[in-house]
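J.: Build me a model from this:
(one chain, ligands or ions: 1)
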Amino acid sequence: MNIVVIGAGYVGLVTGCCLAEAGNRVICVDSDLKKIKALEAGHLPFYEPQLGDLLTIQRDSGRLIFEVSIEDAVEKADIVFLAVGTPANEDGSADLKNLLNCAKDLARVITSDCIVVVKSTVPVGTGEYIEKILNQSSERADRSDRKIRIRIASNPEFLAEGRAVQDFRHPDRIVIGAADPQCFAILEELYEPFDYDGQRLIFMDVRSAEFAKYACNSMLAARISMINELSGLAGALGAEISSICQVLEADPRIGGSYLHPGVGYGGSCLPKDLSALIYSAKRMGEPADMLRSIQRVNLSQRDRLLDAIREHFMGDLSSKKIAVWGLSFKPGTNDVRAAPSLTLIRDLVEDGACVHAYDPVAQQTANAALAETEVGFGKAAMDVCKDADALVVMTEWDEFKRPDFNVIKRQMRGNMIFDSRALYRPETLRKYGLKHYRLGQKRVIESELEEETKAGRPFHARSTRETSKEKHP
Ligand code: UDX
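T.: Purely as a prediction, here's the structure:
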């Protein structure tokens, strides 16, 4: 088929490359000429495993080409994918400016029947709105004596950064929302090579498909906030969250994936999609209490980590040197959008700390995002530990999982490791003379336990966050 993909970001490029690999002729369109030139030269605008090789192979095969002009691209298109970004506005709503501008441009230049598929994550009802824009162009009516029919479909993308190509090639599900049988049939044919067991395709109406994406990301975010809350509680009550995770995992109804406690979710999708759904709920007069709590818990995880660091230095971070390992919001990407590391670094610097950070691939993107903040960057993980009073591990890159603790100990001035991704065991660090802090770590204070036991009360460990306040009754 002749495919046009508008928007050469994560979703658009992966879609374009993988559909070309499946034998289609694909034109990727982006208004950024510099980006298009770089893609033609085989350079990716971001870090994504496997995608670079796929891009060059498909470009060299002639099945994948790049364009700046929508008009030149859509002339023979059977299907046009809209894959432009829909970032969050300040009020939490999705910014549809770019998407709607693309729809207007398309409306002017489409000259034959085709299907326009919205791949961007959009608020429910956007597809219908775009369909109206597309079928209202007076300019196009002048150029054609036959009425052109542009059909709209929703086909949300569920790929995760860092494994985007793999996710596209072997999808868990392919959601197709449309209103007429011909649209379903054409998209079913397009996706046939990816429907490896005949069970991947799920058909529905456009609104449901749009909502499905928000529902999935809300559910994922809920799991993370729930495990983070349980982890905090477990630690406060003197229980060990990793043991509890084993028990949760053993229940097939719960399962073990997406259950790692940490510093909260970041990235370009979960935070913005939650905000957009909460915004839609507000407009509809729905309370969305759960969604709001998920978001609150997520942000408070970051505060917990900052509080623990402040407490360790007794509230005085001035002239403390803090090493930070990991800047991207997760491993496998150089994306720092809504990355907890950036919030932490800004707060530490504001408190007077001197921060030196290292990330295997995200230093450039982080440097740009932290333009207003004074941060040093190192060439290697161990470099930034030199004379550090504490080390904070923010991203679970493989190279941070088994570091040489002897070298860390020798390099550092202090001995504290704040392990926000629960990578290390406290007893291992102890052997090297290093101290360990983990979010939700087990906190049993023996003297308190004795006191409570003598008083015949069940034990409640004292919370770090309440050390200066009254103890729980
Ligand atoms: C997510 C969805 O997984 C994907 O389906 C959707 O299309 C886009 O949003 P992505 O943002 O790339 O993908 O990353 P993901 O791997 O889902 O991680 C999101 C965040 O959750 C990261 O900050 C990660 O560190 C955090 N996370 C994930 C946890 O804290 N614990 C977990 O158990 C899993």
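J.: The residue nearest the centre of the chain and the ligand, how far apart?
T.: Nearest to the mean C-alpha position of the chain, by CA atoms, centre = their mean, lies residue 267 at 3.0 Å. According to CB to the nearest ligand atom, to the nearest Å, residue 267 and the ligand sit 3 Å apart. C-betas here are computed from N, CA, C, even on glycine.
J.: same check, this time on residue 426
T.: Per CB to the nearest ligand atom, residue 426 is found 20 Å from the ligand.
J.: residues contacting that residue?
T.: Applying CB atoms under 8 Å, 6 or more residues apart in numbering, we find residue 426 in contact with 436, 438, 441.
J.: redo that, cut-off 6 Å
T.: Counting by CB atoms under 6 Å, 6 or more residues apart in numbering, residue 426 makes contact with residue 436.
J.: and what of residue 39?
T.: residue 66.
J.: Give me the pLDDT for it.
T.: For residue 39, the pLDDT comes out at 97.
J.: What residues sit buried inside the stretch of helix or strand it belongs to?
T.: According to DSSP states H and E, residue 39 maps onto helix 33-40. By neighbour count on 16 or more other CB atoms under 10 Å, the buried set for helix 33-40 is 35, 36, 39.
J.: what's the neighbour count on residue 23?
T.: The tally of other residues near residue 23 (other CB atoms under 10 Å) stands at 10.
J.: Could you do residue 98 as well?
T.: Residue 98 has 17 neighbouring residues, counting by other CB under 10 Å.
J.: The nearest residue to it once chain neighbours are set aside: what's it in contact with?
T.: Nearest non-adjacent residue to residue 98, counting by CB to CB, 6 or more residues apart in numbering: residue 84, 4.6 Å away. By CB under 6 Å, 6+ apart, residue 84 lies in contact with 7, 98, 99, 102, 120.
J.: now the residues you listed as JSON lines including pLDDT, secondary structure and distance to residue 397?
T.: Converted to JSON lines, the contacts of residue 84 look like this (pLDDT from 0 to 100; DSSP: H, G, I helix; E, B strand; the rest coil; distance: CB to CB, whole Å):
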{"residue": "7", "pLDDT": "96", "secondary structure": "coil", "distance to residue 397": "28"}
{"residue": "98", "pLDDT": "96", "secondary structure": "helix", "distance to residue 397": "32"}
{"residue": "99", "pLDDT": "97", "secondary structure": "helix", "distance to residue 397": "33"}
{"residue": "102", "pLDDT": "95", "secondary structure": "helix", "distance to residue 397": "35"}
{"residue": "120", "pLDDT": "97", "secondary structure": "coil", "distance to residue 397": "29"}
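J.: which residues touch the closest residue to residue 178 other than its chain neighbours?
T.: Leaving aside its sequence neighbours, residue 178 sits nearest to residue 153 (CB to CB, 6+ apart; 4.2 Å). Each residue near residue 153 by CB under 6 Å, 6+ apart is listed here: 115, 117, 178, 183.
J.: which one of these has the most neighbours?
T.: Counting by other CB under 10 Å, top hit in those: residue 117 with 26 neighbours.
J.: Do you know the pLDDT at residue 148?
T.: With respect to pLDDT, residue 148 has a value of 83.
J.: Give me the nearest residue to it, chain neighbours excluded.
T.: Per CB to CB, 6+ apart, closest to residue 148 is residue 113, 5.8 Å.
J.: Look up how far residue 391 lies from the one you found.
T.: When distance is defined by CB to CB, to the nearest Å, residue 113 is 60 Å away from residue 391.
J.: who's more crowded, these two?
T.: Between residue 113 and residue 391, counted using other CB under 10 Å, residue 391 has the larger neighbour count: 25 against 13.
J.: So which other helices or strands are in contact with the helix or strand where the more buried one lies?
T.: Using DSSP H and E, residue 391 sits in strand 390-393. The contact analysis (3 or more CB pairs under 6 Å, 6 or more residues apart in numbering; DSSP states H and E) places strand 390-393 against strand 321-325, strand 416-419.
J.: I'd like the next helix or strand past that strand.
T.: Using DSSP H and E, the first helix or strand after strand 390-393 is helix 405-411.
J.: and that next one, what other elements does it pack with?
T.: Helix 405-411 packs on helix 381-385, going by 3+ CB pairs under 6 Å, 6+ apart.
J.: Give me the distance from the helix it packs on to the chain's centre.
T.: Centroid separation for helix 381-385 versus its chain: 26 Å, with CA atoms, centre = their mean, to the nearest Å.
J.: Show residues contacting that helix.
T.: Residues outside helix 381-385 that contact it (CB under 6 Å, 6+ apart) are 323, 325, 356, 358, 378, 391, 407, 408, 411, 412.
J.: in its sheet, what does the strand holding residue 391 sit against?
T.: In the sheet, strand 390-393 lines up against strand 321-325 (parallel), strand 416-419 (parallel) (DSSP bridges).
J.: highest average neighbour count across the ones you listed?
T.: Comparing those by mean neighbour count (mean count of other CB atoms under 10 Å), strand 321-325 comes out on top with a mean of 26.
J.: Can you give me the distance of residue 13 to the ligand?
T.: In this view, residue 13 and the ligand are 14 Å apart by CB to the nearest ligand atom.
J.: Can you read off the backbone torsions of that residue?
T.: phi -70, psi -40 (degrees, to the nearest 10).
J.: For it, give me the pLDDT.
T.: pLDDT, residue 13: 98.
J.: What about it, how many residues nearby?
T.: Count around residue 13 with other CB under 10 Å applied: 28.
J.: How about residue 86?
T.: Counted with other CB under 10 Å, residues neighbouring residue 86 total 22.
J.: Test my guess that it contacts residue 119.
T.: No - the pair residue 86 and residue 119 fails to qualify as a contact (CB atoms under 6 Å) at a distance of 10.5 Å.
J.: on that earlier part again, hey, C-alpha coordinates of the helix holding residue 39 in CSV?
T.: The C-alpha trace of helix 33-40 is given here as CSV (Å, rounded to 0.1, in the frame of the first residue of the first chain):
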residue,chain,number,x,y,z
LEU,A,33,13.6,20.4,7.2
LYS,A,34,16.7,19.8,9.3
LYS,A,35,15.2,16.6,10.7
ILE,A,36,14.2,15.4,7.3
LYS,A,37,17.7,16.0,5.9
ALA,A,38,19.2,14.1,8.9
LEU,A,39,16.8,11.2,8.4
GLU,A,40,17.7,11.1,4.7
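J.: Contacts only, for residue 159.
T.: Contacts for residue 159 (CB under 6 Å, 6+ apart) come out as 167, 168.
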